[in-house]
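Participant: dropping the sequence and predicted coords here.
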Amino acid sequence: MRRVGERAVGAEVMESLTPGQQVLKIVYEELTELLGGEGAPRLAVPPRPPLVVLLVGLQGSGKTTTAAKLALHLRRRGQRPLLVAADLARPAAAEQLRRLGEKVGVDVFRGGAETPEEVARAGLREARRLGADAVVVDSAGRLTRDEALMQEIRRVHEAAAPHETLLVLDAMTGQDAVATAAGFQEAVPLTGAILAKLDGDARGGAALSLRAAVGLSIRFVGTGERPEDLEPFHPERMASRILGLGDVRSLFERAEALDRRRAEEVVRKVREDRFTLEDFLAQMQEVRRLGRLDELLALLPGLRRLPAPEAAVPDERAWRRSEAVIRSMTPEERRRPEILDASRKRRIARGAGVGVEEVNRLLRQFEEARRLMAAMVRGGAPAPAFGGGARRPGRRRR
Amino acid sequence: MSGSILERLKAHLARTRERLGGRIQGLLTGRALDESLYEELFEILVAADCGPRTSAALVSAVREEARRLGLRDAARLPELLARAAARRLSEAGTGRPGAAEGEPDPRTGLRLAAEPPTVVLLVGVNGSGKTTTAAKLAYRLREAGQAPVLAAADTFRAAAAEQLRIWAERIGCDLVRQAEGGDPAAVVFDAIRAAEARGRGAVVVDTAGRLHTKGDLMAELGKVARVAGRAKPGAPHEILLVIDAPTGQNGLAQARSFHAALGLTGLVVTKLDGTAKGGVTLAIADELGLPVRFVGLGEGLADLRPFDAESFAEALFLDPRAGGRTGPASTGPDARP
């Protein structure tokens, strides 16, 4: 995988990025590409409706909940879906789907007591009878080791003849993701995957495994327990999540001065002398995000010899103190810090759990920042550090 | 320099197609016992969800043992690894304060209350297998002569109580439930009272799945445990985290969070009959000092077994089938442009 190296060497050195940031940016872009590039693929559009979607996966991966979410998604897209309860193994699975269907306003087909493939077949007939243009088939959870059940899912697949066969995978899955995806892929031709339970703190490395090792594209991610908590998959967001960067994309956008609107807003405010402590807080948050980047760069193997990113990062505790001070102010005080007299300062210090000198320090910092930024906006001087090292304000002037 | 990051990433991904046992075998074939071998072994363990701290401890235990035995080549390393892991697993939880008071009862595999009913709380993230485990545990208790009451305290998931009712019917045990959306703590309170009134031996509480990052839901669980304690001093006697074997490193975060909120007494590892061998369990048991009480090995009621550290470790490191099944070669990373 020489591409990153070549790109890093060949790339025009963007004046706004340190070498470390640039390398990270390229890694991030490659990772995004690896995850499927920009933009999530849509569900197939069959030449003749109804669109049939079969959900498969391990026990407890989230198939039934996802089936209801997907049905709601289709309904909101203006389609008329039907849910088919083909999980006959788990007790009360069909009942669960029935109640979820009720909640999302979608009909649920439950067969008599036949086999899952018969339920799937009957469900399709029912869909045609009702004039439904989409069918979501929920299947029983199964382990790929279980030959009998893998045979069964083959039969269900044959009966449903789905346009989309989606693997529902728990986002918290570890290295087993690959074995599971490969196991299902062997039994039925998977067309994509849905990553469920992404609302926790799982990094979602499973997404990478699915895509890179099994070649599955991820279509949706589950982001909560409510039926509406299903979102199209965004490779670039997943890439930042895996890198542990939070919203790294917006950081780069700012770094490349793409996010001009916000920057211009700050310029305008400074020019009109309306830059407030509220804005100051936002600026500090940006600096803080840079801090996380520093940490990450230090951790990445092979990057240690790079010069440290020049942004000095205020330590976490100092940052928290400053934030607490600003948050202890009234909105009026944040807009017009000049009204802060001794008694107000004492109140703020108490509220933030710090000494009055801390409040004074912050105000001095703020005044300094405001003065420097005003100077920059007027004269375009090189961006000096403020408030612990932010170089942000200068960036927007490109 | 930068290329190495993605190279490593891709190499890791390619390797995860092989199973742990196979990877270790592949690593060891014809190798001498040197530092680079131990380093690679460490990386493999981490990639197998064993967690960095536990992996490091295992590697150093193996290194020491190999030195003591005067081993020159790597052939016996998997065996040493399995033994070291088994030792850590069986020691997990024994040194903890309060551990002495509750050696599990050999028949049920649980710490029993001095006065029945014994209250067992099952907790975990969504889909880990709590409801099925509750049923299997109730079955186990019934077989051991401790007539159980199942408490359907998952009042959130649609038809969860209905699922448990069907199980209760199959097992032939009592069920206490309320309407959907009810207060889970109230269900537990009622179930304990019912068990006392009917002279039952145990109460097995199924709770709603929740992600460990949701503060309000974790607090709700704390309340359930407190109310159980109010209904019967000393309850819940067991608070078991149900975790499924495919769970990766996130399992450690889950366990930490549930442990901080509730004070877990042990683990149940489910879905071990699949391709996943539950490497993260090792990290959890080791780092948090929590014993594994049971493993789930199938969909039948009798498929909940007491945990056996040796066979778990052997399955993890010495699986004879490992490496034999590597998945389809189809579209690997190299197939992409």
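Facilitator: Arrived safely.
Participant: need the contact list for A:V53.
Facilitator: A:43, A:70, A:134-137, A:162-166 (C-beta atoms under 8 Å, 6 or more residues apart in numbering or on different chains). C-betas here are computed from N, CA, C, even on glycine.
Participant: most neighbours of all these, which one?
Facilitator: Among the contacts of A:V53, the one with the most neighbours (other C-beta atoms under 10 Å in any protein chain shown) is A:V136, at 32 neighbours.
Participant: next step: the contacts of A:V53 restricted to strands.
Facilitator: A:134-137, A:164-166 (DSSP state E).
Participant: can you redo the contacts of A:V53 as CSV with distance to chain B?
Facilitator: Below are the contacts of A:V53 laid out as CSV (distance: C-beta to the nearest C-beta, whole Å):
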residue, distance to chain B
A:L43, 21
A:L70, 16
A:A134, 21
A:V135, 20
A:V136, 16
A:V137, 18
A:P162, 20
A:H163, 20
A:E164, 18
A:T165, 15
A:L166, 16
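Participant: is it possible to export those to a markdown table including distance to B:V203 and pLDDT?
Facilitator: A markdown table is the format used below for the contacts of A:V53 (distance: C-beta to C-beta, whole Å; pLDDT from 0 to 100):
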| residue | distance to B:V203 | pLDDT |
| --- | --- | --- |
| A:L43 | 46 | 89 |
| A:L70 | 37 | 97 |
| A:A134 | 44 | 97 |
| A:V135 | 42 | 98 |
| A:V136 | 38 | 98 |
| A:V137 | 38 | 98 |
| A:P162 | 43 | 97 |
| A:H163 | 48 | 97 |
| A:E164 | 44 | 97 |
| A:T165 | 42 | 98 |
| A:L166 | 39 | 98 |
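Participant: which of these lies closest to A:G355?
Facilitator: Closest to A:G355 out of these is A:L70 (55.7 Å), distances taken as C-beta to C-beta.
Participant: out of the ones in strands among the contacts of A:V53, what pair is the most spread apart?
Facilitator: The span of the ones in strands among the contacts of A:V53, defined through C-beta to C-beta, is set by A:A134 and A:T165 at 14.6 Å.
Participant: strands of chain B, start to end?
Facilitator: Using DSSP E, strands in chain B cover B:118-123, B:148-153, B:174-176, B:202-207, B:238-244, B:266-270, B:292-296, B:304-306.
Participant: for chain A, find the nearest of these.
Facilitator: strand B:238-244 (6.3 Å; C-beta to the nearest C-beta).
Participant: list the contacts of B:A75.
Facilitator: The neighbourhood of B:A75, defined by C-beta under 8 Å, 6+ apart, consists of B:L28.
Participant: tell me the spacing between it and A:L340.
Facilitator: Using C-beta to C-beta, to the nearest Å, B:A75 is found at 74 Å from A:L340.
Participant: same question, A:L167
Facilitator: A:L167 is 58 Å from A:L340, by C-beta to C-beta.
Participant: between these two, tell me which one has more neighbours.
Facilitator: A count of neighbours by other C-beta under 10 Å puts A:L167 above the other of A:L167 and A:L340, at 27 against 17.
Participant: look at that one and report its pLDDT.
Facilitator: We have a pLDDT of 97 for A:L167.
Participant: so it makes contact with A:F184?
Facilitator: Yes: between A:L167 and A:F184 there is a contact at 5.5 Å, judged by C-beta atoms under 8 Å.
Participant: where do the contact lists of the two overlap?
Facilitator: Contact criterion C-beta under 8 Å, 6+ apart; residues shared by A:L167 and A:F184: A:56-57, A:190.
Participant: nearest to chain B among the residues you listed?
Facilitator: A:G57 (9.7 Å).
Participant: how about that closest one, phi and psi?
Facilitator: Per-residue torsions, A:G57: phi 160, psi 180 (degrees, to the nearest 10).
Participant: give the contact list for it.
Facilitator: For A:G57, the contact set (C-beta under 8 Å, 6+ apart) comprises A:63, A:141, A:167-169, A:180, A:184.
Participant: swap in 10 Å and give it another go.
Facilitator: Contact analysis of A:G57 by C-beta atoms under 10 Å, 6 or more residues apart in numbering or on different chains lists A:63, A:66, A:139-142, A:153, A:166-170, A:180-181, A:184, A:193-194, A:196, B:127.
Participant: now swap in B:I284 and tell me
Facilitator: Residues near B:I284 by C-beta under 10 Å, 6+ apart: B:51, B:54, B:92, B:241, B:243, B:247, B:251-256, B:259, B:264, B:267, B:269, B:278, B:290, B:292.
Participant: and it, how far is that from chain A?
Facilitator: 12 Å (C-beta to the nearest C-beta, to the nearest Å).
Participant: burial of the residue nearest to that residue when sequence neighbours are not counted, as a residue count?
Facilitator: Nearest in space to B:I284, with sequence neighbours left out and distances taken as C-beta to C-beta, 6 or more residues apart in numbering or on different chains, is B:A255 at 4.4 Å. Neighbour count for B:A255, taken as other C-beta under 10 Å: 25.
Participant: what sits closest to whichever residue of the stretch 51-200 of chain A sits closest to chain B if chain neighbours are left out?
Facilitator: Sorted by distance to chain B under C-beta to the nearest C-beta, the residues of the stretch 51-200 of chain A start with A:G174, at 2.2 Å. Spatially, and ignoring its direct neighbours in sequence, A:G174 is nearest to B:G248 (2.2 Å; C-beta to C-beta, 6+ apart).
Participant: A:S209 and B:T207, how far apart?
Facilitator: Relative to B:T207, and taking C-beta to C-beta, A:S209 is found at 30 Å.
Participant: residues in contact with residue 194?
Facilitator: All of this refers to chain A. By C-beta under 10 Å, 6+ apart, the neighbours of A:I194 are A:53, A:55, A:57, A:61-63, A:66-67, A:69-70, A:166-169, A:171, A:218-222, A:230, A:233.
Participant: you looked at the wrong chain, it should be chain B
Facilitator: So B:A194 contacts B:117, B:149, B:151, B:174-176, B:200, B:203 (C-beta under 10 Å, 6+ apart).
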